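Enquirer: sequence-free structure coming up:
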């Protein structure tokens, strides 16, 4: 156990190594909440370090509200510092526990999968896909026999340069684009290359759940920034950048996952300036900019960046072709060099076939026309969901695009019970706590309207609402 | 610098952390060869540790021949402990420096790429590919609109179970197979999940170069095992397993890359027993078992394993469809759980399209017939290479399969010069040192006969031999 735990320790000062180790042992429940921790003397001996080093570690734990001091008698485990029991059992899995919550939910064979922020395959022009694929084989008869370069197919990177130059006036060369196998790989590569253990990483709260796990696994010190329907609180952003000198800010400012909120243009400008001022990289994840129901969203942060602090992850999986898993990273050569090297060790380049199919499919007139239909279809599904939920009294901000409704249930809602009962009814949703770096937001849920058709949406939501009512009436009657 | 270096430090004892840190600083050339290192007192103060801790670190450095002691006056940097200068410049790239040698060689736009252990695309039945792809779209019209599960397409995993049951009597269930995007991803996932920093990893010497980089990046203590035309020295294997209690042994026992050597069946049995005895995992990388020129090679280690210590990586990229990047890992559920979780964070599953195309293509009668032709074609190319080199007096063992000739040049050969002059003649090859965990084997080279056609092989080899002759005659004349 000890070895497992310590091998996850990375640090750049001894007292921080002791801090990380203690924190890890606390997280894994080696001591229970409110239990007294070993004395400074004992630990100094155990670690072969000066007592001052242990003292400093305890001070940091106290400061970060992981432990508390009781009438000078010593340090005690603060409530909320430990992992759920399931996670404590397993040293290796611990880092993935929250991610595994999410993927476990996805693995449930439910009829009404509101947990899936994916596109209903029936909304894609599947017949036309085949045409394009055949076309690809006519143009590149040897495509299946050929490896791609690690950085990605040159023809595709050049086409993307033109596309972003036309659309957002990106100033971008083919050498500043990396093709990845989906955005998850992009986030993982960026974290592995740019984030050193104990670097501070700013994450939106709530945010895309697997990103929390990737940065946490990297040993980052995660600091949340609240996101609101009208964006961030700029004073909070500046304060945190000033205080923590963060390595990067991972953000999803357009139809954000899970909230659907969009950061307005003037804030984007301002944040790019702040990032440049405090030398904080902006890692923008942009999976669905084309899925807007009203106006087009503002240009990506990358378009406002003049100092090279913006890194742009654009995924084309979600609504173009999930089966192709194509995404790209745009960043300056200084970072690109390392990303390409890292990719060369984690796979030998995204399959050429997928890149060529995507190239011909995405830039076809047909695809661009199809996006129009897609927006309409998803807008309708969103409205159906809002209509079905209108009588519940639950709160949400009607999103201007994207795939999800971020819904606030009554504070009293027993989330575990609701999820359990819903699954019994073949219904899944994403509990908000999974999307929260602090693992709070317990009365929020994410429900996606992108995966189910109109009928499934209506039926599934009716069942869900009645599950909720039974549960809360049951609880009320308990109180009688 | 200091931060960068230290953030790469992983360890489970303080003195080992100090050891790693010092070693890293030495590798990066912070002190030159034969330069005196700081005193124990100074370092103890710098690290806030007991002097005994620094003393232990220095002892370990001495034991591992990184430093030496001169007449009690202190510790000095041992020759060979520092990285090449180019690598020292760059903190992030350092870990990848050797890998980058290889990929740099591959990036050279050469006509005669003997460095590429890839299949000549013209040897693949490209027209038939298109047929299968169209078939796939008829059977799965929505394949491009659908995500794969993280573990991989169920239909494919079941087909692979049947295939390996028939071929090697594998006792395997669909839950014990993970589909990856090429074998590089498989190695990376296994390293990330199973190798803790400072775990000992056994690697063949020479071995597949990127594997060295992956395990090194993981912080492993790499111990080489020599491979010979008739396999390993079993006494060396047992001695090292006994001495280091290694976490795993990464091996490529069939038409090994780079040597082409094959480990005989009776050794495989014996090594599986040793692995079980010393609880060392066997990670077998098997990229080209079908490319044999004489007899079929013996079954994989996995077939002999009864205790669950064998993990089998089977790549289908090299000679089936490089453009699909499909590989698989077979292992017991206890490891599979973690591999699947790790994959869910590094990508969201291998693209479904690629899996479905592979499924229908690989198991087609046509493909199995094609393998016969492929073996003949490659055997002929190998013979051409050997014929062209027969007059040189260089030494190699004629491989019974695979893609490469592992050639010993005269000891005196100036490798850097040879590589440089060859590139001027549009010729590339792989210097042996890249494949050696110790970065020695300086008079060996790997030349692949798989990528160039007959004419290119002959012409390229003639040019290469004359480059070599000029170089050596030039050197001789220097000595006159």
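Expert: Yep, that arrived. It should be emphasised that the depicted structure is a prediction, and the values quoted were computed from it without experimental measurement. Residues are numbered from 1 along each chain as shown, chains lettered A, B, ... in the order given.
Enquirer: now do the same contact list for whatever residue of the stretch 251-400 of chain A ends up closest to chain B.
Expert: Nearest residue of the stretch 251-400 of chain A to chain B (CB to the nearest CB) works out as residue A:323 at 4.0 Å. (Glycine included, C-beta is placed from N, CA and C.) Neighbouring residues of residue A:323 by CB atoms under 8 Å, 6 or more residues apart in numbering or on different chains: B:143-148, B:351-353.
Enquirer: quick check: the spatially closest residue to residue A:348 that is not a sequence neighbour vs residue B:396, distance?
Expert: Spatial nearest neighbour of residue A:348, chain neighbours left out: residue B:184 (4.9 Å); criterion: CB to CB, 6 or more residues apart in numbering or on different chains. Distance of residue B:184 to residue B:396, given as CB to CB, to the nearest Å: 27 Å.
Enquirer: so which of the contacts of residue A:323 reach chain A?
Expert: Applying CB under 8 Å from any CB of the partner chain to those, one finds that B:143-148, B:351-353 fall near chain A.
Enquirer: returning to what we had before: and residue B:184 and residue B:396? which has more neighbours close in?
Expert: residue B:184 (26 against 19; other CB atoms under 10 Å in any protein chain shown).
Enquirer: what's the pLDDT at that one?
Expert: Residue B:184 carries a pLDDT score of 93 in this model.
Enquirer: helices and strands around the host helix or strand of it, which ones?
Expert: Take DSSP states H and E as the rule and residue B:184 turns out to sit in helix B:183-194. For helix B:183-194, the elements it packs on are helix A:333-346, strand B:177-180, helix B:209-217, strand B:248-251, strand B:281-286, strand B:310-315, strand B:327-330, helix B:333-346, judged by 3 or more CB pairs under 8 Å, 6 or more residues apart in numbering or on different chains; DSSP states H and E.
Enquirer: residue A:210 is nearest to which of these?
Expert: Closest approach to residue A:210 among the helices and strands packed on helix B:183-194 (CB to CB): helix B:333-346, 6.0 Å.
Enquirer: quick one, the helix or strand following the closest one and helix A:352-362 angle?
Expert: For helix B:333-346, the following helix or strand on the C-terminal side (DSSP H and E) is helix B:352-362. Going by axes from the mean of the first three to the mean of the last three CA atoms, to 10 degrees, helix B:352-362 is angled at 130 degrees with respect to helix A:352-362.
Enquirer: who's in contact with the residue nearest to residue A:447 when sequence neighbours are not counted?
Expert: Closest residue in space to residue A:447, ignoring its immediate chain neighbours: residue A:114 at 4.2 Å, by CB to CB, 6+ apart. Contacts for residue A:114 (CB under 8 Å, 6+ apart) come out as A:427-430, A:447-449, A:451-452, A:460, A:464.
Enquirer: next step: the residues you listed restricted to helices.
Expert: Judged by DSSP state H, those include A:460, A:464 as members of helices.
Enquirer: between the contacts of residue A:114, which is closest to residue B:73?
Expert: Lowest distance from residue B:73 to the contacts of residue A:114 (CB to CB) belongs to residue A:430, with 64.8 Å.
Enquirer: burial measure for the closest one, as a count.
Expert: By the criterion of other CB under 10 Å, residue A:430 has 27 neighbours.
Enquirer: now the nearest residue to residue A:463 once chain neighbours are set aside: phi and psi?
Expert: Closest residue to residue A:463 in three dimensions, ignoring its sequence neighbours and counting by CB to CB, 6+ apart: residue A:425, at 5.1 Å. Dihedral angles of residue A:425 (phi, psi; degrees, to the nearest 10) stand at phi -90, psi 20.
Enquirer: okay, residue A:425 and residue A:390: tell me how far apart.
Expert: Separation of residue A:425 from residue A:390 (CB to CB) stands at 21 Å.
Enquirer: quick check: residues of the stretch 351-480 of chain A near chain B?
Expert: For the stretch 351-480 of chain A, the contact set with chain B under CB under 8 Å from any CB comprises A:351-354, A:357.
Enquirer: now those residues in TSV, with pLDDT?
Expert: Formatted as TSV, those follow (pLDDT from 0 to 100):
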residue	pLDDT
A:351	92
A:352	92
A:353	90
A:354	93
A:357	91
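Enquirer: quick check, nearest of the residues you listed to residue B:474?
Expert: Closest approach to residue B:474 among those (CB to CB): residue A:352, at 41.6 Å.
Enquirer: surely that closest one meets residue A:153?
Expert: Yes. Judged on CB atoms under 8 Å, residue A:352 makes contact with residue A:153 at a distance of 6.1 Å.
Enquirer: what strand or helix carries the one residue in the stretch 151-300 of chain A that gets nearest to chain B?
Expert: Distance from chain B to each residue of the stretch 151-300 of chain A (CB to the nearest CB) is smallest for residue A:196, at 3.7 Å. Residue A:196 is part of no helix or strand when elements are defined by DSSP H and E.
Enquirer: what do you get for residue A:157?
Expert: Using DSSP H and E, residue A:157 sits in helix A:154-168.
Enquirer: for that helix, packing partners?
Expert: The elements that helix A:154-168 packs onto, with contact taken as 3+ CB pairs under 8 Å, 6+ apart, are strand A:177-180, strand A:327-330, helix A:352-362.
Enquirer: enumerate the beta-bridge partners assigned to the residue nearest to residue A:246 when sequence neighbours are not counted.
Expert: Leaving aside its sequence neighbours, residue A:246 sits nearest to residue A:200 (CB to CB, 6+ apart; 4.1 Å). Following DSSP bridges, residue A:200 is listed with bridge partners residue A:221.
Enquirer: thought residue A:200 was touching residue A:250?
Expert: No. Using CB under 8 Å, residue A:200 is not in contact with residue A:250, being 11.6 Å away.
Enquirer: which of those two has more neighbours?
Expert: Applying other CB under 10 Å to residue A:200 and residue A:250 shows that residue A:250 carries more neighbours, namely 29 against 19.
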